[in-house]
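Asker: Sharing a model prediction with you, sequence too.
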Amino acid sequence: MNRILFLIAMLGLGATAWADQTKGDVTDRLQKAGDVLHQVMATPDKGIPEEVMDHAKCIAVVPHLVKGGFVFGAEGGRGVATCRTAHGWSAPAFFDVEGGSWGLQIGVEGIDLVMIIQNDHGMQELLSSKFQIGGDASAAAGPIGRHASADTDWKLNAEILTYSRAKGIFAGLTLNGAAVHQDEDAMHAFYGPNVTVRQALMGEVPPPPGSMSFLGAVRSAREQAKAAESK
């Protein structure tokens with residue numbers, strides 16, 4: 001019976017991934033993503049280190065990624081990303097995460113996912129229509145704490161650093177095999193028909209008013225990390 005209920009839940013997740021989105025839905029996603037980043041960075045000794053934030057090319061957040069399975073895992077969620085430009089952080093772009101395997105698991109669990117894209121290659125993958133974490137772009141669990149400068153492996157070994165928060169606990173996350181692809185439905189709902197993910201992330205369009213909660217959280221993330229250092 002539990003297996004049947006789980007399969008129904010997964011089918012529901014798949015149906016949700018293809019459902020039409022309104023501008024209100026997408027704006028709510030931006031608000032929730034900003035809340036996640038604020039809450040993560042406000043935790044002394046447990047947030048993303050200041051050096052990692054300084055090094056980031058792009059920041060992506062998936063509020064409430066659903067993962068679950070019995071022998072074969074599944075994950076699915078909708079996220080939002082922004083990248084550095086010559087004029088600051090770009091207008092947001094929207095993406096979906098799905099697929100991959102988490103090994104043997106019981107039930108379904110919701111987590112918040114944060115991805116830090118570290119270099120130009122990782123950024124180019126984010127600009128593409130679809131890429132695989134751990135395949136097209138290397139990934140590793142990100143360091144946490146006040147500082148990460150003592151160990152430079154986080155700079156050298158991965159194009160994407162991944163983090164998760166579940167039940168109030170924030171930690172580095174190993175997330176390989178998941179596919180990230182552009183959420184064209186959300187882009188259309190938020191910007192209309194003529195703005196692409198590349199245009200948004202390359203700074204070719206101004207950030208709409210509905211994106212300010214998320215972009216404000218991104219801009220203040222380093223200041224939050226620095227404040228945590230002084231405590």
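Answerer: Thanks, I have it. Quantities reported herein were computed from a predicted structural model and do not represent experimental measurements.
Asker: Nearest residue to the spatially most central residue of the chain in space, please, no chain neighbours.
Answerer: For the chain, Val61 is the residue whose C-alpha lies nearest the centre (CA atoms, centre = their mean; 2.7 Å). Leaving out its chain neighbours, the residue that sits closest to Val61 by CB to CB, 6 or more residues apart in numbering is Ala33, at 3.9 Å. C-beta: built from backbone N, CA, C; applies to glycine.
Asker: So which elements touch the helix or strand harbouring that neighbour?
Answerer: Taking DSSP states H and E as the criterion, Ala33 maps to helix 23-41. Contact partners of helix 23-41 among helices and strands, from 3 or more CB pairs under 8 Å, 6 or more residues apart in numbering; DSSP states H and E: strand 58-69, strand 73-85, strand 108-117, strand 160-166, helix 184-191, helix 212-230.
Asker: could you give me the average pLDDT of the first one?
Answerer: By that I understand strand 58-69. Averaged over strand 58-69, pLDDT sits at 79.
Asker: how close does His188 get to His87?
Answerer: In this view, His188 and His87 are 25 Å apart by CB to CB, to the nearest Å.
Asker: between the two, who's got more neighbours?
Answerer: Taking other CB atoms under 10 Å, His188 and His87 do not tie; His188 has more neighbours (17 against 8).
Asker: still on that earlier bit, which residues touch the helix holding Ala33?
Answerer: 47-48, 59, 61-64, 78-80, 92, 94, 112, 114, 163, 165, 170, 186, 189-190, 210-211, 213-218, 220-221, 224-225, 228 (CB atoms under 8 Å, 6 or more residues apart in numbering).
Asker: how about 6 Å then?
Answerer: 47, 61, 63, 80, 112, 170, 186, 189-190, 210-211, 213-214, 217, 221, 224-225 (CB atoms under 6 Å, 6 or more residues apart in numbering).
Asker: picking up where we left off before, mind putting the helices and strands packed on helix 23-41 in CSV, distance to Asp25 included?
Answerer: Shown next, in CSV, are those (distance: least, CB to CB, whole Å):
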stretch, distance to Asp25
strand 58-69, 12
strand 73-85, 9
strand 108-117, 17
strand 160-166, 22
helix 184-191, 7
helix 212-230, 14
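Asker: lowest average confidence, helix or strand, in the protein?
Answerer: Ranked by mean pLDDT, DSSP states H and E, the weakest helix or strand in the chain is helix 2-17, scoring a mean of 38.
Asker: on that earlier part again, just tell me which of the helices and strands packed on helix 23-41 ends up closest to Gly145.
Answerer: Each of the helices and strands packed on helix 23-41 has some distance to Gly145 by CB to CB; the shortest is helix 212-230, at 9.2 Å.
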